[in-house]
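1. For reference, the sequence and a predicted model appear below.
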Amino acid sequence: MGKLVLDITKLEMAASKLRAIAHPMRIAIIDLLNEKPKMSVTEIYSKLDIEQASASHHLNILKNKGVLISKREGKKIFYSLKSVTLTEIIECINRCNEE
């Protein structure tokens, strides 16, 4: 077997993304966007029954860490998952907790 080479930069980026999603509300946002791939801030905070400021705070963290992308359409901003990989990680964590 060849030696496993770890790229420190990639590990740091992965750790940063994992820290960003390591919050129950942010996991809930990712779950929502997995079910409905494009949602406005209003849809997100209404579905989660949280304050708009709280939703915006969590969305900004996820966006700044490259987990979400946003697109302005008129006066509304819509959020989407940048990649399904994080959804797969959350599903894996959920499966681990079932045992």
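-> Here it is on my side, so go on.
2. what's in contact with the worst-scoring helix or strand of the chain on mean pLDDT?
-> None of the helices or strands of the chain scores lower by mean pLDDT, DSSP states H and E than helix 85-98, at a mean of 74. Contact partners of helix 85-98, identified using Cβ atoms under 8 Å, 6 or more residues apart in numbering, comprise K17, L18, I21, I27, I30, D31, N34, V67, L81. C-beta coordinates here come from the backbone N, C-alpha and C atoms, glycine included.
3. Can you flag the buried ones in those?
-> K17, I21, I27, I30, V67, L81 (16 or more other Cβ atoms under 10 Å).
4. Turn the residues you listed into CSV, including distance to D49, pLDDT and secondary structure.
-> Conversion of the buried ones among the contacts of helix 85-98 to CSV gives the following (distance: Cβ to Cβ, whole Å; pLDDT from 0 to 100; DSSP: H, G, I helix; E, B strand; the rest coil):
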residue, distance to D49, pLDDT, secondary structure
K17, 26, 84, helix
I21, 20, 86, helix
I27, 16, 89, helix
I30, 17, 92, helix
V67, 22, 91, coil
L81, 21, 94, strand
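5. Among those residues, pick out the one closest to E51, please.
-> Set against E51, the nearest of the buried ones among the contacts of helix 85-98 by Cβ to Cβ is I27 (18.1 Å).
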